[in-house]
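Asker: no sequence on this one, just coordinates:
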Ligand SMILES: [Zn+2]
């Protein structure tokens, strides 16, 4: 009752309605485990990505003991239904975990495992706050499911398509339809991270050369589903990766691991 009155008073004073409710309590959420770090004698600290709370850090106590009730579920790339307890600190506590998809086939292929690790690293670093991005959560789930279904089929083109879609979700999608400087639609010859897109011959200062196949790959990759990755020669994919890296460096001050993945 007292809490309600405080909230009412604040509203009446013209301030934003503030709920004076203690945030502590149980939290149920879907999550993908991005990282799992050993902590102390038997615990693990998890970085998980959730649809509605962004990146969350949580401690799983006793998880490394043989008889832990969590079994092997709190490993990277597991998609889980998690029960967490939120205390006053930033670190939540895992109280329950149910597997939605453990992606077992992905773990048997070194290439797929590596691609999954790079995908999770990119999500964790580009979306490191609690700001909700349900689209990013869905994208990561789809990418992990695809890597699991295809296992040996993890390619550099697929990894780059995933990164382009992360850029789009972060509001950093490169301008591809016209020169990012002057709007010219013809003679697009370069890519400028600073300008945030392709540039024409007159505006190419500070850009690097971008071939038609690399330009076409980026446009198609953004327009197609993850399951329909376009193809491009290795040289073009190198230009695409550079375009993504320079965009991130200029606009998010972020450097990701190389996209990895084999050619083809
Ligand atoms: Zn121009």
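Answerer: Received it, and whenever you're ready, just let me know what you need. All of these numbers come straight from a predicted model, not from anything done at the bench. Numbering: from 1, shown residues only.

Asker: who touches stretch 146-158?
Answerer: Stretch 146-158 is contacted from outside by 101, 103-106, 108-109, 111-112, 114-116, 119, 217, 221, 226-227, 229-232, 234, 237, 241, 259-264, using CB atoms under 8 Å, 6 or more residues apart in numbering. Quick note: C-beta positions are derived from backbone N, CA and C, even for glycine.

Asker: Likewise for stretch 43-53?
Answerer: By CB under 8 Å, 6+ apart, stretch 43-53 touches 27, 29-39, 55-64, 74, 80, 82, 91, 94, 120, 123-124, 127, 130, 132, 134, 136-138, 140.

Asker: so of those, which ones are in strands?
Answerer: Among the contacts of stretch 43-53, DSSP state E puts 27, 29-39, 55-60, 80, 82, 94 in strands.

Asker: circling back: now list the buried members of the contacts of stretch 43-53.
Answerer: Burial by neighbour count, 16 or more other CB atoms under 10 Å: within the contacts of stretch 43-53 this picks out 27, 29-36, 55-56, 58-61, 63-64, 74, 80, 82, 94, 120, 123-124, 127, 136-137, 140.

Asker: Spatially central residue (nearest the centroid) of the chain, please.
Answerer: residue 123 (2.1 Å; CA atoms, centre = their mean).

Asker: got a list of what it touches?
Answerer: Taking CB under 8 Å, 6+ apart as the criterion, residue 123 is in contact with 34, 49, 55, 136, 140, 166.

Asker: Contacts only, for the closest residue to residue 241 other than its chain neighbours.
Answerer: Spatial nearest neighbour of residue 241, chain neighbours left out: residue 259 (5.5 Å); criterion: CB to CB, 6 or more residues apart in numbering. Going by CB under 8 Å, 6+ apart, residue 259 touches 118, 156, 159-160, 163, 241, 244.
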